[in-house]
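[1] sequence plus predicted model, see below.
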Amino acid sequence: MDELPVVVIGAGPQGLAAAAHLLERGLEPLVLESGSGPASAIAEWGHVRLFSAWPELVDAASARFLEPTGWSAPTEGYPTGAEWIERYLAPLAAALGDRVRYDARVVGVGRKGRDRLVDADRAAQPFTVHLTSADGREERVEARAVIDASGTWRGPSPAGADGIPALGERAAADLIAYQVPDRAHPERYAGRHTVVVGAGASAFNAVHELVRIAADHPGTRVTWAIRRGVTADTFGGGAADQLPERGAVGQRAKAAVESGAVELVTGFRTAEIRREPGAGGADRAVLVGEDGRALPAADTVVVLTGFRPDLSFLSELRLDLDPTLQAPRRVAAEVDPNIHSCGSVQATGAADLAQPEPDLYLVGMKSYGRAPTFLALTGYEQVRSVAAALAGDHEAAARVELALPDTGVCGGAGLYDEPEGAGGCCAPTPVVLTLGASLHG
């Protein structure tokens, strides 16, 4: 199988970095990207500014690969997703040339001549990667190894608090957005009422964008519904976060609540989304909680409750995933918010990412399953280690070359309604915060 490429699924930051590391190790990559250009998922949230600075967003091997082209690494500032693509990811993809194939959606991965049940001579067979092109043409590519860097962006979690779409959520799809609003395109939100559902960094960004839209367009209303009560960690780590901009995102959301620009509803777990006629003939959405509470009718519901990995195209391979996070078991032990919630986690490498299927690795955001704390730096360290392992340099694969920054958060997943005793393994008893008249219990 030495003549076959290592197939990398996804031309995002980690997929492209994996290609650069493989080439540096003398291995030939083939990157398969479902979109029409590099980092197509990032392009969909290109207006959002990252909380990682430029030096934390550029992979070392990729920078070395680009240097002969005259490219120079940006060193200052915090780019938007679009700027990340324009100034780094697109040049990297261009330099990789025809090693990156676009409009190539992977729909299945298996072992040649062996379904999931067959043990005999399994590891000696190449992988078969089945893909479809934009025009529907089917193709099968053989590979010596597979690195799945497909991410989780196109698997947003639903509004339903039980992890299943709320009653009526599918029927109200035209009234729901699963992305952060863009101030540059305010038409859907300006002068209208929006309900934001979610409590992570994406929700913080959504609240910030909507507050900016409201400042430009009087009559814009924002309601923010979260499942838990408010504790010291609700708005992130603040000044204790070693990534200052990550801490600032949550503090901006907190300030919006304190000022009354956003109405915060706590302890709200969505059970149903009802359509009802609105003024002018346009329907509106009413969110109903598991406790029977109904929020004021919204023109748009922005659902940002996390993401989940697509494992469907890996169904014929043998996986060892954590039953909670759907992440590689060893990675999950480091990032499960129900257990380890205090800021920094350990970097993970090839040994943590490897599956029972030899030479299959899940990297990048997908390696965290449903956990929300992934950083680009984490993925770059992962693919460095994986490339070393595939090249037979097990000493380099085992070496850890990254220390992750602390989030400043130590509250655990906790309980939804009861602050007393909530928290993970390392959490103190959370402090209940009072934010102002707009706060609802």
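    Sure thing, it's come through. Residues are numbered from 1 along each chain as shown.
[2] helices and strands of the protein: which one has the lowest mean pLDDT?
    Least confident helix or strand, the chain: helix 244-258 with a mean of 83, by mean pLDDT, DSSP states H and E.
[3] for that helix, packing partners?
    In terms of contacts (3 or more C-beta pairs under 8 Å, 6 or more residues apart in numbering; DSSP states H and E), helix 244-258 is packed against helix 201-216, strand 221-225. In this view, the C-beta of every residue, glycine as well, is placed from N, C-alpha and C.
[4] most tightly packed of these?
    Highest mean neighbour count of those: strand 221-225, a mean of 23 (counted as mean count of other C-beta atoms under 10 Å).
[5] got the CA coordinates for stretch 215-222 in PDB?
    The C-alpha trace of stretch 215-222 is given here as PDB (Å, rounded to 0.1, in the frame of the first residue of the first chain):
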ATOM      1  CA  ALA A 215     -28.100  49.800  17.900                       C
ATOM      2  CA  ASP A 216     -28.400  50.500  14.200                       C
ATOM      3  CA  HIS A 217     -32.100  49.600  13.900                       C
ATOM      4  CA  PRO A 218     -34.500  50.800  16.600                       C
ATOM      5  CA  GLY A 219     -37.200  48.300  17.500                       C
ATOM      6  CA  THR A 220     -35.000  45.300  17.400                       C
ATOM      7  CA  ARG A 221     -35.600  43.000  20.400                       C
ATOM      8  CA  VAL A 222     -33.400  40.200  21.600                       C
END
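[6] low-confidence ranges in the protein?
    By pLDDT under 70, the low-scoring segments of the chain are 232-233, 237-244, 339-345, 404-441.
[7] hmm, 80 instead?
    Applying pLDDT under 80 to the chain flags residues 230-248, 279-280, 337-346, 373, 403-441.
[8] domain assignment for it?
    Split into domains by automatic domain parsing, the chain comes to 6-154+307-398, 173-303.
[9] dump those domains to JSON lines, plus distance to residue 161.
    Listed next are the domains of the chain as JSON lines, based on distance: least, C-beta to C-beta, whole Å:
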{"stretch": "domain 6-154+307-398", "distance to residue 161": "14"}
{"stretch": "domain 173-303", "distance to residue 161": "3"}
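[10] so where do the strands sit in the stretch 151-300 of the chain?
    Using DSSP state E, counting those that start in this stretch, the strands of the stretch 151-300 of the chain run over residues 176-177, 193-197, 221-225, 263-265, 270-277, 283-289, 300-303.
[11] and these: which comes nearest residue 100?
    For residue 100, the closest of these is strand 176-177, at 29.7 Å, according to C-beta to C-beta.
[12] next one: the closest one to chain centre, how far?
    Relative to the mean C-alpha coordinate of its chain, strand 176-177 is positioned 17 Å out (C-alpha atoms, centre = their mean, to the nearest Å).
[13] stretch 367-384 too?
    How far stretch 367-384 lies from its chain's middle: 9 Å, per C-alpha atoms, centre = their mean.
[14] gap between the two ends of that stretch?
    End-to-end distance of stretch 367-384: 15 Å, with C-alpha to C-alpha, to the nearest Å as the criterion.
[15] also stretch 334-354?
    Start and end residues of stretch 334-354 are separated by 15 Å (C-alpha to C-alpha).
[16] any chance of the helices and strands packed on helix 244-258 in JSON lines, plus distance to residue 290?
    As requested, the helices and strands packed on helix 244-258 are exported to JSON lines (distance: least, C-beta to C-beta, whole Å):
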{"stretch": "helix 201-216", "distance to residue 290": "19"}
{"stretch": "strand 221-225", "distance to residue 290": "12"}
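[17] and of these, who's closest to residue 335?
    Between residue 335 and the helices and strands packed on helix 244-258, the shortest separation by C-beta to C-beta is 14.9 Å, and it involves helix 201-216.
[18] who does the closest one touch, helix- and strand-wise?
    strand 193-197, strand 221-225, helix 244-258.
[19] can you do 6 Å?
    The contact analysis (3 or more C-beta pairs under 6 Å, 6 or more residues apart in numbering; DSSP states H and E) places helix 201-216 against strand 193-197, helix 244-258.
[20] among those, which is the most enclosed?
    Of the helices and strands packed on helix 201-216, the one with the most neighbours on average (mean count of other C-beta under 10 Å) is strand 193-197, at a mean of 26.
[21] and that one with strand 221-225, angle?
    When axes from the mean of the first three to the mean of the last three C-alpha atoms, to 10 degrees is applied, the directions of strand 193-197 and strand 221-225 differ by 20 degrees.
[22] strands paired with strand 193-197, and their directions?
    Sheet neighbours of strand 193-197, with direction, are listed as strand 221-225 (parallel), strand 300-303 (parallel) (DSSP bridges).
[23] what's that strand in contact with?
    Strand 193-197 is contacted by residues 159, 203, 206-207, 210, 221-225, 295, 298-303 when judged by C-beta atoms under 6 Å, 6 or more residues apart in numbering.
[24] what is the neighbour count of residue 145?
    Per other C-beta atoms under 10 Å, the neighbour tally for residue 145 reads 23.
[25] swap in residue 303?
    27.
[26] from what I see, it and residue 159 are in contact.
    Yes: when contacts are counted by C-beta atoms under 6 Å, residue 303 is listed as touching residue 159 (4.5 Å).
[27] and the spatially closest residue to residue 365 that is not a sequence neighbour, what is it in contact with?
    Sequence neighbours aside, residue 151 is the residue nearest to residue 365 in space, at 4.5 Å (criterion: C-beta to C-beta, 6 or more residues apart in numbering). By C-beta under 6 Å, 6+ apart, residue 151 lies in contact with 10, 12, 41, 364-366.
[28] closest to residue 215 among those?
    Proximity of the contacts of residue 151 to residue 215 (C-beta to C-beta) peaks at residue 41, which lies at 29.2 Å.
[29] quickly find the element holding the closest one.
    Residue 41 belongs to helix 40-43 when assigned by DSSP states H and E.
[30] still on that earlier bit, nearest to residue 81, out of the strands of the stretch 151-300 of the chain?
    Here strand 176-177 is closest among the strands of the stretch 151-300 of the chain (C-beta to C-beta), at 16.4 Å.
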